[in-house]
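K.L.:
Got a sequence here, can you model it:
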Amino acid sequence: MKKYTITALILGLIAGICATLIVLLNLLTAPIVEQNTLAKKEKLCQEIFVEYNMDFSLTTTEGFESSYIKEKIEVHDKNDKFLGYIYTVSGQNAYGVIELLVGINDDYLLEGVRFITNGQSFSSEADSHLNNQYKDNMSLEDILAIDLTKSDVTAGATYASKLIRELVTAAFNDAQGGN
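P.N.:
Numbers count the residues shown, from 1 in each chain. Okay, here's the model as predicted:
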């Protein structure tokens, strides 16, 4: 009996040490991960709106009607000219999380869509769908008319395609209703 107690205590001690090391490692790396994520988002914003200037752009993180919308950036260039909006939208289905940046220009046309996170189990199909179906200068009506039954978006990837459309539509609805 004493042998099992000592073994349990040793294993408990090892588990405690490992948990402490994980917490410390997370504390050390969390700021680096956050900084890298912000740098990635800024680069993607620059891809969507080439003239995007972070210093003149305004960010809103609350007051949205859709739970998909996490952030809205009112995009301005270096001369403080309004260019449009970039939305950070996020959603989840049974196959994983999708987080996108959706750019909508001042004519309420799609300026660009980029993945921040593509956690779908069918990630390559979701990526292919996004890159092949969502083109610059699409209107909300064009997006709603995308055929989700095409062969490249069948099976589990269909759910990713539907989620992508819901996320992009939420951004359009906010942009068009926000003025």
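
K.L.:
How about the contacts made by Tyr85?
P.N.:
Residues near Tyr85 by Cβ atoms under 8 Å, 6 or more residues apart in numbering: 72-75, 103-104, 171, 174-175, 178. Where you see a C-beta, it was placed from the backbone N, CA and C, and this is true even at glycine.

K.L.:
Could you do Ile143 as well?
P.N.:
Shown in contact with Ile143 (Cβ under 8 Å, 6+ apart): 110, 134, 165, 168-169, 172.

K.L.:
same check, this time on Met138
P.N.:
109-110.

K.L.:
ok but it is inside a strand, no?
P.N.:
No - going by DSSP: H, G, I helix; E, B strand; the rest coil, the assignment for Met138 is coil, not a strand.

K.L.:
so how far is Gly112 from it?
P.N.:
Going from Met138 to Gly112 by Cβ to Cβ, to the nearest Å gives 10 Å.

K.L.:
Okay, strands next: where are they in the chain?
P.N.:
Counting by DSSP state E, the chain has these strands, from start to end: 58-60, 69-76, 82-93, 96-105, 110-118.

K.L.:
So what angle separates the directions of the helix or strand bottoming out on mean pLDDT in the chain and strand 110-118?
P.N.:
When the helices and strands of the chain are scored by mean pLDDT, DSSP states H and E, helix 123-133 comes last with a mean of 83. Counting by axes from the mean of the first three to the mean of the last three Cα atoms, to 10 degrees, helix 123-133 lies at 180 degrees to strand 110-118.

K.L.:
quick one: helix 123-133 to chain centroid distance?
P.N.:
Per Cα atoms, centre = their mean, to the nearest Å, the displacement of helix 123-133 from the mean C-alpha position of its chain is 14 Å.
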